[in-house]
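J.: Fold the stuff below for me.
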Amino acid sequence: MGFFDTIGKMAIGSRLRLLTDKITEDAAQVYGMYGIDMQPKWFPVFYALSRGENKTITEIAREIGHSHVSVSKIVREMVQKGFIKEKKDKTDGRKTVVGLSAKGMEVNEKIAAQYIDVNNAIEELSAQTKHDLWKAMEEWEFLLEQKSLLRRVQEQQKLRESSQVKIVPYQPEYQQAFHDLNEEWISTYFKMEASDYKALDDPEGHILKKGGHIFVALYNGEPVGVCALIPMKDPDYDFELAKMAVSPRAQGKSIGWLLGKACIEKARELGASKLYLESNTILKPAINLYHKMGFQKVAARMSPYERANIQMELVL
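T.: Predicted coordinates:
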């Protein structure tokens, strides 16, 4: 087990397969001890039918937690070996049900002694262990049902990568990135408008010199996201959250969230009480992000952008 001690828990799949292979190999020999010509992988299907009921493939798959394809393959193998017989459902002739054949019923009686001995052997093995493997398996199965290992790895990847993102104030060297990142997403979904060109071609004159702020997200030193906090001459709102853009190559790293929070914190620092933003409802990930930040939809207002069809506010 030196390999697994070295590589650690990330090799859990390989270690479980090794353990499964060892148990399966022994199980095959156990069947031979009792004179039963049955493959270990057939056991769940065999047991599901051992009470004498005829069942469909779907019912068996649901009961034992296997895929329909897997159960179908096992049933075909067991039919060929004479353990199972197929027939039409009495209540619905369109359905095919399967049940134990005469040979299968004979094995079902013969296997009772094997069940007793195997169960006692497992109980003896469990008594010699410090940890209850059966209960641990139940816990793992429950937790993985709630959230898969894939999803958990994706979350850890996002946490690791987002920790490498640095949010910095705008500098003139980021002007091209500010322009290009915004133009990229706008042109993907809509078209560039006059108001876009004004802000993107001269962010210092149209945003910064008017008391606004721009934040840039750096990932490995490269600008991959931007967002602006623009002062508003409005009786209801202090600033507009605008010009948020994240490179498609850097999405999935919480960059939009980090940029938005930086703008919100700056607004609080400046004494703002309300923020405003405009977007479009086809941008579902963006709308979800704004809701997550606390923005709420408000009544429609006049907008300088044709693409804007939703307005939102955040009370600080």
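
J.: Distance from the biggest helix by length in the chain to the middle of the chain?
T.: Identified as the longest helix of the chain according to DSSP state H is helix 12-33. On the basis of Cα atoms, centre = their mean, to the nearest Å, helix 12-33 is displaced by 31 Å from the centre of the chain it belongs to.

J.: my guess is I167 is in a strand, correct?
T.: Yes - secondary structure assignment places I167 in a strand (DSSP: H, G, I helix; E, B strand; the rest coil).

J.: How about the contacts made by it?
T.: I167 makes contact with 215-218, 258-259, 262 under the criterion Cβ atoms under 8 Å, 6 or more residues apart in numbering. C-beta coordinates here come from the backbone N, C-alpha and C atoms, glycine included.

J.: which one of those residues sits closest to K41?
T.: Nearest to K41, judged by Cβ to Cβ, of those is L258 at 48.8 Å.

J.: Do I have it right that the closest one meets K166?
T.: No - counting by Cβ atoms under 8 Å, L258 stays clear of K166, with 9.1 Å between them.

J.: Give me the more crowded residue out of those two.
T.: Between L258 and K166, counted using other Cβ atoms under 10 Å, the more crowded position is L258 (18 against 12).

J.: The more buried one and D180: what is the separation?
T.: Separation of L258 from D180 (Cβ to Cβ, to the nearest Å): 20 Å.

J.: so what strands line up beside the helix or strand hosting Q311?
T.: Element membership for Q311 (DSSP states H and E) is strand 310-315. Sheet pairing of strand 310-315 (DSSP bridges) gives strand 274-279 (antiparallel), strand 296-298 (antiparallel).

J.: and E59, which of the ones you listed is closest to it?
T.: Nearest to E59, of all these, is strand 296-298, at 46.8 Å by Cβ to Cβ.

J.: got the CA positions of the helix or strand hosting L229 in PDB?
T.: Using DSSP H and E, L229 falls within strand 222-231. In PDB, the C-alpha atoms belonging to strand 222-231 read as follows (Å, rounded to 0.1, in the frame of the first residue of the first chain):
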ATOM      1  CA  GLU A 222      -3.100  39.300 -17.200                       C
ATOM      2  CA  PRO A 223      -6.200  41.600 -17.200                       C
ATOM      3  CA  VAL A 224      -9.100  39.300 -17.700                       C
ATOM      4  CA  GLY A 225     -12.000  41.300 -16.300                       C
ATOM      5  CA  VAL A 226     -13.100  44.900 -15.700                       C
ATOM      6  CA  CYS A 227     -16.000  46.800 -14.100                       C
ATOM      7  CA  ALA A 228     -16.800  50.500 -13.600                       C
ATOM      8  CA  LEU A 229     -18.500  52.500 -10.900                       C
ATOM      9  CA  ILE A 230     -19.900  55.600 -12.700                       C
ATOM     10  CA  PRO A 231     -21.400  58.600 -10.800                       C
END
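
J.: Next up, the contacts around I111.
T.: Counting by Cβ under 8 Å, 6+ apart, I111 touches 34, 36.

J.: What separation do you get for it and D117?
T.: Using Cβ to Cβ, I111 is found at 10 Å from D117.

J.: Ok, C263 next?
T.: From C263 across to D117, the span is 69 Å (Cβ to Cβ).

J.: again with S163
T.: S163 sits 54 Å away from D117, going by Cβ to Cβ.

J.: next one: I84
T.: As for I84, its distance to D117 is 25 Å (criterion: Cβ to Cβ).
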